Every structure is written in C-alpha cells, then in structure tokens.
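Chemist: model this:
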Amino acid sequence: MFLVVFIIIVALIFDFINGFHDSANSIATVVSTRVLSPKLAVAWAAFFNFVAAFGFGVSVAKTIGKGVIKPEIVNEYLILSTLIGAIAWDLITWYYGIPSSSSHALIGGLAGSAIASAGTGSLIPAGLYKVTLFIFISPIVGLLLGFLNMLIVSWLFKNSMPSKVDRWFRKLQLFSAACYSLGHGTNDAQKTMGIITILLFTTGYLGKEFYVPFWVIITCHIAIALGTLAGGWRIVKTMGHKITKLRPVGGFCAELSGATTLIGTAVFGIPVSTTHTITGAIMGVGSTSRLSAVKWGVAREIIIAWILTIPMSAVIAAIAFKIVAFII
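Modeler: As a prediction, the model looks like this:
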C-alpha cells in the first residue's frame, strides 16, 4: 500500500512538471504579443487547465492505461521506472530550454520499462504505431490549420486598419488562449490519469473493471494547473520569440489551431503532444507572410528533440527499472 501511494505521489509530481514544462506552450503566444503580462497569462492558463476536468471525458487516459503495453505485465516497479524516465527527460529538456513533449516522454518511459521487464512482446504495436504516427501528424495538422486560419483572417480584415485589427485580436486572444489551455489540460492531464489508473487496476484497488476514478481526474487536473502556475520561463522565449515574431492576430490563429487539434484528438483518445501541436501552429502562422519569417534552424532543433524524446526516455526508464528492481 505504501509503495502504491508513493508512486501516485511521484505521478502527480510528473503531472506538476508536465504543467511546469508545458506552461510555456499555453502562454508564450499571449505573452509575446503582450496581450497579458506573464503572471496573468499563467493564471489564465492554469484556470482553464483545471476547468478541462469537467468536459472532455477520459479517452486519452484509457489509451495510456490499456493501449500501449499489456496490462498483465504492469507492476509498481514498472510504473515507478516509467515516471523516472519521463521526469528525467522533462527536466533535461527544460534545463536547456527545448520544448520537447512530456506526453511522449511518458510513453517512451512506459515502453522502455516494459521492454526491460518483459521484452518487446509486452508492447501493444497498434497503440505505439498510433502514438508514433501522431508525432508527425499533430504538428502538421497544427501547421496547416495555423496557415489556413491566418490566410482566412488576413483576407477577412484586408481592408481594416492595422491598429483596429490589433485591438480586436487582443480581446479575441483571451478566448483563443483559454481554448488552447482547455486542450492542453484535457490531453496532458489524462496521460497521468492513465498511469495512476493502470497502477490501481493492476494492484487490485479498482476491482475487475478498468475505469478512471473521479478523485484521480480532479487530482491530476489540480497538479497540472499548479505546474502551469509555477511557469516554464526558459521555454517561453523559444516558443514566443525564437520561432517567429507574432502579433495578436497571429497569436489568435496559432492558439485556435492548436486548441482545435488538441480537443479533437482528446475526444478520439489519441495522446498527442501539446508542444508539437502549438509549435506547428506557430510555424504555420509565421509562414503566411514569408517562409523566411520562420526561423527554421530553431525549428530543426525542436524537431530533433521530438525524435529523440521517446527513445531517450525509454532508455532512462529501462535503466531505472533495472536499478529499482535490484534495490527493492
């Protein structure tokens, strides 16, 4: 019982770090366009991270809990090692200001621990293929939606005074930032829910039926909201300034595109990266003016981090599993 409680606490720490690490994704556009101060932007994002608990179901949590590795091989050591791998990679990328994916760090950790425990046969290929496929699909969808939304808005307001457009979209960006934070909260908090739920299920605390308890839902959303409040200022600079220069209209289009992608995938139970999605959307918005407006060198560095996240977190988790199993 003590070990289960300890691992749940570690999972909530990961959820907090997820919010801390990814808060920049939620607030970078609204801060870089100076619509909100950093403190107000963080509070705004954290509030909607929490509100997301009440409207979008738990499909992503079920995918994480039952769709990546075979539940029968799961035990406390495997879940603890998974979390160690994900947290370690999150902190490494946060330290260097790289907007990597907490979601894929968790999935990589889960896969690495499972392989260390029971070999490659413990993986569920269909689930991993879906996750891997959406590593590439989600930023492309974000990019295309960002590009399309920016074109539509530019055409609709082509005869308007730039100062008037700025005033309108400063207000509208509050709405788009809220939508993005809802998408971030519902997609990312559910990944920790899935980890806690599979731990409870395999240790016999849920009975014979796999379901996500309400207290797990609320606790995970509180943890990610508190993490967002703590902020991830190193990554704000990369997301808000280094990729492309944003105005309020661009921030609105990027956030709305990211929110559409995240909420849509959450409804269908697809665990995508909020980081990948908003980065793609920002690139799409920036490329509508000219391709050189996007700093593709920075984008290339981010893409390399995306590719490395699953294998690196898997390796760390596999090593952690061997150490944990030896010690405990």
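Chemist: what about residue 258, distance to residue 28?
Modeler: Here the criterion is CB to CB, to the nearest Å. By it, residue 258 lies 11 Å from residue 28. From N, CA and C alone the C-beta is placed, and that goes for glycine too.
Chemist: Give me the distance between the helix or strand harbouring residue 106 and the centre of its chain.
Modeler: Assigned by DSSP states H and E, residue 106 falls within helix 102-118. With CA atoms, centre = their mean, to the nearest Å as the basis, helix 102-118 stands 16 Å off its chain's centre.
Chemist: just checking, what packs against whatever helix or strand comes next after it?
Modeler: Sequence order places helix 125-156 as the next helix or strand after helix 102-118, per DSSP H and E. Here helix 125-156 touches helix 102-118, helix 248-267, helix 274-286, helix 296-327, going by 3 or more CB pairs under 8 Å, 6 or more residues apart in numbering; DSSP states H and E.
Chemist: Go through those helices and name the closest to residue 59.
Modeler: Between residue 59 and the helices and strands packed on helix 125-156, the tightest spacing by CB to CB is seen for helix 248-267, at 6.6 Å.
Chemist: how about residue 102, what does it touch?
Modeler: 14, 17-18, 21-22, 86, 90, 188, 191, 273, 275 (CB atoms under 8 Å, 6 or more residues apart in numbering).
Chemist: Repeat the analysis, applying 10 Å as the threshold.
Modeler: 14-15, 17-22, 25, 86-87, 89-90, 93-94, 188, 191-192, 224, 227, 273-275, 309, 313 (CB atoms under 10 Å, 6 or more residues apart in numbering).
Chemist: Same check on residue 85?
Modeler: Residue 85 sits next to 105-106, 108-113, 312-321 when contact means CB under 10 Å, 6+ apart.
Chemist: quick one: low-confidence ranges for the protein?
Modeler: 23-26, 99, 231-246, 290-299, 301-302 (pLDDT under 70).
Chemist: nearest residue to the residue nearest to the spatial centre of it other than its sequence neighbours?
Modeler: The centre of the chain sits closest to residue 274, judged by CA atoms, centre = their mean, with a distance of 3.7 Å. Sequence neighbours aside, residue 184 is the residue nearest to residue 274 in space, at 4.7 Å (criterion: CB to CB, 6 or more residues apart in numbering).
Chemist: Kindly provide the distance from the one you found to residue 5.
Modeler: For residue 184, the distance to residue 5 equals 28 Å [CB to CB].
Chemist: what's the answer for residue 317, then?
Modeler: 21 Å.
Chemist: Counting neighbours, go ahead and name the busier of those two.
Modeler: Between residue 317 and residue 5, counting by other CB atoms under 10 Å, residue 317 is the more crowded of the two (32 against 9).
Chemist: Who's the closest spatial neighbour of the more buried one, skipping the chain neighbours?
Modeler: residue 85 (2.7 Å).
Chemist: Let me know the helix or strand that that neighbour is in.
Modeler: helix 76-95.
Chemist: buried sites along that helix?
Modeler: Within helix 76-95, the residues that count as buried by 16 or more other CB atoms under 10 Å are 76-90, 92-94.
Chemist: got it, and stretch 307-321?
Modeler: Neighbour-count burial for stretch 307-321 [16+ other CB under 10 Å]: 308-310, 312-321.
Chemist: For residue 78, which non-adjacent residue is spatially closest?
Modeler: The shortest distance from residue 78 to any non-neighbouring residue, by CB to CB, 6+ apart, is to residue 113 (4.6 Å).
Chemist: And for residue 146?
Modeler: residue 284 (2.8 Å).
Chemist: Residue 189 belongs to a helix?
Modeler: Yes. Counting by DSSP: H, G, I helix; E, B strand; the rest coil, residue 189 is found in a helix.
Chemist: tell me, how many neighbours does it end up with?
Modeler: 32.
Chemist: List the contacts of it.
Modeler: Residue 189 neighbours (CB under 10 Å, 6+ apart): 15, 18-19, 49-50, 52-53, 56, 58, 60-61, 216-225, 227.
Chemist: so residue 62 sits right up against residue 212, yeah?
Modeler: Yes. Using CB atoms under 10 Å, residue 62 is in contact with residue 212, at 7.3 Å.
Chemist: Quick check: neighbours shared by these two?
Modeler: 190, 193-194, 197.
Chemist: Neighbour-wise, which one of the residues you listed leads?
Modeler: Neighbour max across the shared contacts of residue 62 and residue 212 (other CB under 10 Å) = residue 190, 32 neighbours.
Chemist: Quick check: that residue touching residue 58?
Modeler: Yes. Counting by CB under 10 Å, residue 190 does reach residue 58; the two are 6.0 Å apart.
Chemist: which residues do the two both contact?
Modeler: With CB under 10 Å, 6+ apart, residue 190 and residue 58 have common neighbours 64-65, 197, 212, 217, 266, 269.
Chemist: Looking at those, which one is closest to residue 43?
Modeler: residue 217 (21.8 Å).
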